Every structure is written in structure tokens, then in C-alpha cells.
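Got a sequence here, can you model it:
(chains A and B)
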Amino acid sequence: MSINMKTTNPFSVLKSHFRAACAATALLATGSLAQAADLNALIWCDHADPALLQPFEEANGIKVNVKEFEGTGAGLAIVEQSQPGDWDVMVIDSIDIPRGVEKGLFEPLPEDKLPFADLFPQVKMDSSTVVDGKRYGITEKFGYNTIGYNKTKVDPADMQSMAALIGDKYKGKIAIYDYYLPVIGMAALAIGKKTAELTEADLPAIKDELLKMKANAKLVGEVTASQTALATGEVDILVGGGEWVTAGLAKENPALDFSIPKEGAVLWSQSLAMFKDSGNKDMALKFIQYIMSPEGQARLATSSCYWGMPANSKAALSDEQKTILRFDEQPDFLARAQSYPAPNADLDKKMQDVWTEMLQAQ
Amino acid sequence: MSANGNAGRTLPWALVTPALGWTLLFFVLPFLAMGFSSLTAHEGGGFTLSNYSQFFANPAYWRAMVNSLQVTAIVTLISVLLAYPFAWILAEQVPERWQRLALMLAVLPFWTSYVVRSYSWLLVLAQNGVINRALTGSDLFAEPVQLANTRLATITGFVHFFVMLLTLTIFANLKQLSPSYRKAAADLGAGPVRTFLHVVLPLTLPGIMVGAFLTFVLCIGDYITPQILGGNNELLMPQLVMMQIGRRGDFPLASALSIILMAVVTVAYLACARWLKIERA
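Model (predicted):
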């Protein structure tokens, strides 16, 4: 039951007042927004690394105020509850840029002032980052939701196929990364579906595959929990985890590795976008240019929060860092990877319901 | 009417106004906002009851509520059973001069971050954790037992967090109990067990119920512990609420689920209040 009373109904009015109140509270809570000349960035945890931010702050004599969020929904909610101009830049899933554009949040980026020519071509993600002929985001970091594993406990040959995830051999030795979109994408690949073509009709088969994975899994954990489980030997395989889990732990535990199985992997990609209402667009562009520079890319790729492939192929990584990230193998990986599922709101909701059922399955 | 009479009526209101204002600002208004949000559609706005109907129509959502109630009931029961003897020892057996130190030690766990404590439990219960090493090292078990990422782990974490809270409420109740009750019972020929069952326990039930209710409220609304220790092998209500917000930003559905959770807590409170006959006070 849904009655459209968007313009006059009291709920909309109350909602807008509620948002205004929340915005005031958010401003009070985020004392960091006090200095107008600063740069205010909505970010994921990898951007909070001082090793990444300090060189930019010192070079420009400003402070970058960061607020971390997890999940596009939560990020967009923060923006909605803020005043126009509160935020300058945002890190966002590349596939979700159209959601921000639709809400009128983002400013087109000047392509001639950013190193698009140096980006790995497959991660430009034009289908998401370009809307109505204008580019609203630039991919800064990417990787694969695939299979992470401990090669001393698992036969690496088994990790070349997702069939190993539903067999008996590794029952109880598997963790599943707790984010429904990429893992549903992996389940789709396992049953021979293309992630870009998923429809509601595919969900029953995907659900069956997820239930088989769950039956073998010891836990379904978010980033820290799944990384901890793999690092402590609680599990030997992580479904949905890739270099972002194993690369960061490589020095402490070189036995951790990842594979792109024959069925493929799901490409994740995060982008930077600039807010249309930013009052500091010059500095926002400088920040994006810094992050996309070879030095910025190297620091972002090896951030203490999580590692990932830099989108800029000229990132100033050391040989050791390139080895850990398997830099040289990227062309092959990219050729076999498929995009993140990008469902519309209705399918997204149904996918989340499938995921909820999977979590509740015993 | 005298000026003193007016002042007599005004003063209580003046004294209670800050508390009323606080409650209005930080409870009533947010609650109303959440209530309105729960009645709007995620896409396009407009009035709808679909957020509530989804909960009742989706078995996975129902299951989250059942899981939450089961876990909360078990945690509350175990916490009471552990906290009562602990509080009794503190109140009756520990000399007065050591009680302050004992109480400080009891509240010491609260000084550590909730998240850190949860992860610490995860490491204790893990396959390579202290408990499993002890079990396999002593040849009691050939293989490690799965303790982490289970409901047992969630309950263990919760009990650790809440048993001290209950201990403090029961301890306060025991300390308020006049020794003359026990003396009177002894004079009438009651032994220690009968005195405890028929005198001490009934008189400390209010403390137990208040502590149990606090445990119930904090436990049923907690997101962190089941998320870290439960391994997401079953969903509890707070996790279900968070799922709606993360990627989809479905605040109306999250609000509806929160209102339902709050309704359960209200029912628990009313049951508790009725049992304690608070309305007669």
C-alpha cells in the first residue's frame, strides 16, 4: 500500500524538518567542520590513513577533515542530513555514482585535469561514472571479490574453481564475506550467470548456491571479522575476499593468497566524486589530483586499513608491493573479472532478502 | 489564593521542567520522528504500512525476532544465576573495608571498550584460542571445538558484560536489607536455607527484576556482540536493522523494525512492572 503524497503530505514535511535537525546535530558532532578553508571528505577507512593525508595537508597547508562511513546508503544519508556545502569530496562505490547524480549531489569532473589515460582501461567504469555524457567520478582503487585462502592449509589447485566452495573437502573451513552484492555476484558466476545480466528470475538458483556455501561456512563476517578468521586460522578460505584481505597481511602471514577461479571474480571499484555544492572546489580537485597521482595512488593502495590495486597503472609502488598485489597479473585478472552487480532498487531489495534468508539458514 | 500557594504549585513544575525538556528533546521527539519515518515509503515518500507488513510477511525477519528473544532470555537467566551468589558474597562475606575495592574490581571490565572486549572473547574462543588449546592440550578433545562464531559465543560475551551490572543492582538491594529480618526469621526457628528462600530472596526480588530488565533492554538492542562473536550465522534484530541502512539506506524499514523492537521492550517492561506491582506504589 503506497499513496503518493510527496508534495503535500505531512510525513514529507516532518521528514524534511527531521533532516534539518539531524543536519544541525551532525554539524555539532562533527566539530571538524569548523574551519571553512579545510577540506571535508566523506571517506572509507583507507583514506583515513595519516600516511596518505599528511603529505597533501603539508603541501597545501590545510587540514583534511574526514568522516568514515560504510555502505552507500549510510553515506548518502549523511549527505542528506547535512547542509549543502558541508562536504567537498566523497569516496563511493563506482556503481553507485548514478545514485548520487540522480540526487543532484555531484559536480562533473574536468577530464583534462585528471590522469584518465593512465588508468587501467577496464576500471574506468564509464557505464557508472559517466552520466548523460558527463563524468562524475574517477576510479581510484579496485580489486576482486574472489577466493582468499591459506595456501599451506588448502590445495591451491582446488581454489581454481568455485566448486570447491560447495564440496565436502573444506566444510567448516570457510568464511563468507558479509556483503550481499559481491557474494551474490560470485554465486551467480558459480552457476554460469553474468553479473551484469542478473534478473529476479535468477534469484532462486543463486539462493540455492548461497545456501550450499553457507552449509560449508563457519561464519559470515564483515571485513575485520573475516580477516581475523583467516589470519588466526579459524578458517582457511574466505569467499568474497581477495587482495584486500590477503595483501594487508602478507608480511605477517605470507601463506595467505587469493585466486581468480575459472568461473571468474567480481570486480570492485571505488571512485572519488566532488560535491556540486562544495565551497572549496579548487582544493577538492587538488585532492582528487593528489589521490590519482602516482605517489597518492601508491599510498592509497597500501593504506593501513586495507590494500587494493591502484586504478592508475603508473602508481609509484615498490617492487615488493607490486609482488604482493600481483600487479603483473592484472591484465589477466581483469580479463576474467565481471562487474559488480548493479541492481535497481527493487531487485536490490530482493537480493538483500535472499541474503537475509541465507544468513538465517541453519 | 495566597502567593505562597501559587509558589507551592509552581516550584515542583520548575524543578521538573529540565527533566521533562530533556525527555522531550532526546526521547519523545526522536521517537516520533522514527515513528513517522516508519510510516513512509523508502522510494518516493508517501504514507505506507508496508514497512510493518514486510516484517510480518517475511519469515526471515520473524526468525530474527525469535533469535533475539531466545538469546536475551538465556543471557538474562544465566546472568541472574551468576550475579546473585556473587552479589551475596560481596555483600555478606567480604569484610566492609574490602567491599569498595571489590566493587571497583567488579566494574573494571566496564572501563574497557565494548568492541575490544568482544574481539578479546573472539580470540579466547577461537580455534587456536586459550580454551581450545587447553582442551586439545589436555587430551580431552582430539580436535578443537567450535566455540567462536556460534550462539554460545554471543551468549558468553553478553553474560560477561551484564553479570556485573546485575551484581551491582542485587548488591545494592542486599545492602539495604535490614539484618533484623534474618534475626527475626532465626528467632522463629528458620534455618539459613529457609531464611534465604522465604525472607531474603523475596525481599531482593525488586533488585533482581530491575537488573534483569536492564540486561534484557541492553541485550536485545545490542549490535556489536552478536556481529563479532556470533559470526553472522543467525541474525538478531539489531543486525537486521543495520542491514537496511548500510547500502540501501532504507531508514523507513529500519525505523519500523526498531519500533517493533521497542514494542517488545515495552511489553517486557509492563510485564516486569505488573509483576512487581509498581502501580500500587
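
Please enumerate the helices of chain A.
A:10-29, A:50-60, A:72-80, A:97-102, A:126-129, A:180-190, A:203-216, A:223-231, A:243-246, A:281-292, A:294-301, A:319-325, A:330-336, A:345-360 (DSSP state H).

er, the stretch 101-250 of chain B I mean
Remark: helices assigned in the stretch 101-250 of chain B by DSSP state H, counting those that start in this stretch are B:114-125, B:130-137, B:151-176, B:179-187, B:192-195, B:201-220, B:224-229, B:237-246.

Of all those helices, which one is nearest chain A?
The closest of these to chain A is helix B:237-246. By C-beta to the nearest C-beta, the value is 3.4 Å. All C-beta spots, glycine's among them, are computed from the backbone N, C-alpha and C.

send the alpha carbons of the closest one over as PDB?
In PDB, the C-alpha atoms belonging to helix B:237-246 read as follows (Å, rounded to 0.1, in the frame of the first residue of the first chain):
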ATOM      1  CA  MET B 237      17.100  -7.800  15.300                       C
ATOM      2  CA  PRO B 238      19.800  -5.100  15.600                       C
ATOM      3  CA  GLN B 239      21.700  -6.700  12.800                       C
ATOM      4  CA  LEU B 240      18.600  -6.800  10.700                       C
ATOM      5  CA  VAL B 241      18.100  -3.100  11.300                       C
ATOM      6  CA  MET B 242      21.700  -2.300  10.400                       C
ATOM      7  CA  MET B 243      21.300  -4.300   7.100                       C
ATOM      8  CA  GLN B 244      18.600  -2.000   5.900                       C
ATOM      9  CA  ILE B 245      20.800   1.100   6.400                       C
ATOM     10  CA  GLY B 246      24.300   0.000   5.100                       C
END
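
number of nearby residues for residue A:68?
For residue A:68, the count of nearby residues is 16 (other C-beta atoms under 10 Å in any protein chain shown).

cool, and residue A:286?
Residues near residue A:286, counting by other C-beta under 10 Å: 17.

And the nearest residue to it once chain neighbours are set aside, how close does it get to residue A:172?
Using C-beta to C-beta, 6 or more residues apart in numbering or on different chains and skipping residues adjacent in sequence, the residue nearest residue A:286 is residue A:60, 6.5 Å away. Per C-beta to C-beta, to the nearest Å, residue A:60 is found 52 Å from residue A:172.

what do you get for residue A:69?
34 Å.

and the longest strand along chain A, which strands flank it?
Counting residues, the longest strand found in chain A (DSSP state E) is strand A:265-275. Taking DSSP bridges as the criterion, strand A:265-275 sits next to strand A:89-93 (antiparallel), strand A:106-107 (antiparallel), strand A:138-145 (antiparallel), strand A:337-339 (parallel) in its sheet.

closest to residue B:114 out of these?
strand A:89-93 (27.2 Å; C-beta to C-beta).

Can I get the closest one in CSV? Just the C-alpha atoms.
Output in CSV follows, covering the C-alpha atoms of strand A:89-93 (Å, rounded to 0.1, in the frame of the first residue of the first chain):
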residue,chain,number,x,y,z
VAL,A,89,34.6,15.1,-1.8
MET,A,90,33.2,11.6,-1.4
VAL,A,91,34.5,8.1,-1.8
ILE,A,92,31.8,5.9,-3.3
ASP,A,93,31.3,2.5,-5.0
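
ok, and what's touching it?
Here strand A:89-93 makes contact (C-beta atoms under 8 Å, 6 or more residues apart in numbering or on different chains) with A:39-44, A:47, A:72, A:75, A:79, A:100, A:105-106, A:137, A:140, A:268-275, A:278, A:284, A:287-288, A:340.

doesn't residue A:116 make contact with residue A:124?
Yes. Judged on C-beta atoms under 8 Å, residue A:124 makes contact with residue A:116 at a distance of 6.9 Å.

Quick check: mean pLDDT of the longest strand of chain A?
For strand A:265-275, mean pLDDT is 97.

Repeat that for stretch B:158-177.
pLDDT averaged over stretch B:158-177 gives 92.

Stretch B:59-66 now?
Averaged over stretch B:59-66, pLDDT sits at 94.

buried set for it?
B:60-61, B:63-65 (16 or more other C-beta atoms under 10 Å in any protein chain shown).

Please tell me how far that stretch is from the chain's geometric centre.
Distance of stretch B:59-66 from its chain centroid, counting by C-alpha atoms, centre = their mean, to the nearest Å, is 20 Å.

Same check on stretch A:288-302?
That offset, for stretch A:288-302, works out to 17 Å (C-alpha atoms, centre = their mean).

deepest of the helices of the stretch 101-250 of chain B, which one?
helix B:224-229 (a mean of 24; mean count of other C-beta atoms under 10 Å in any protein chain shown).

could the helices of chain A go into JSON lines alongside mean pLDDT and distance to residue A:263?
What follows is those, written out as JSON lines (pLDDT from 0 to 100; distance: least, C-beta to C-beta, whole Å):
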{"stretch": "helix A:10-29", "mean pLDDT": "46", "distance to residue A:263": "43"}
{"stretch": "helix A:50-60", "mean pLDDT": "97", "distance to residue A:263": "34"}
{"stretch": "helix A:72-80", "mean pLDDT": "93", "distance to residue A:263": "26"}
{"stretch": "helix A:97-102", "mean pLDDT": "95", "distance to residue A:263": "27"}
{"stretch": "helix A:126-129", "mean pLDDT": "94", "distance to residue A:263": "22"}
{"stretch": "helix A:180-190", "mean pLDDT": "96", "distance to residue A:263": "5"}
{"stretch": "helix A:203-216", "mean pLDDT": "96", "distance to residue A:263": "11"}
{"stretch": "helix A:223-231", "mean pLDDT": "83", "distance to residue A:263": "21"}
{"stretch": "helix A:243-246", "mean pLDDT": "83", "distance to residue A:263": "18"}
{"stretch": "helix A:281-292", "mean pLDDT": "97", "distance to residue A:263": "32"}
{"stretch": "helix A:294-301", "mean pLDDT": "98", "distance to residue A:263": "26"}
{"stretch": "helix A:319-325", "mean pLDDT": "94", "distance to residue A:263": "22"}
{"stretch": "helix A:330-336", "mean pLDDT": "94", "distance to residue A:263": "9"}
{"stretch": "helix A:345-360", "mean pLDDT": "94", "distance to residue A:263": "19"}
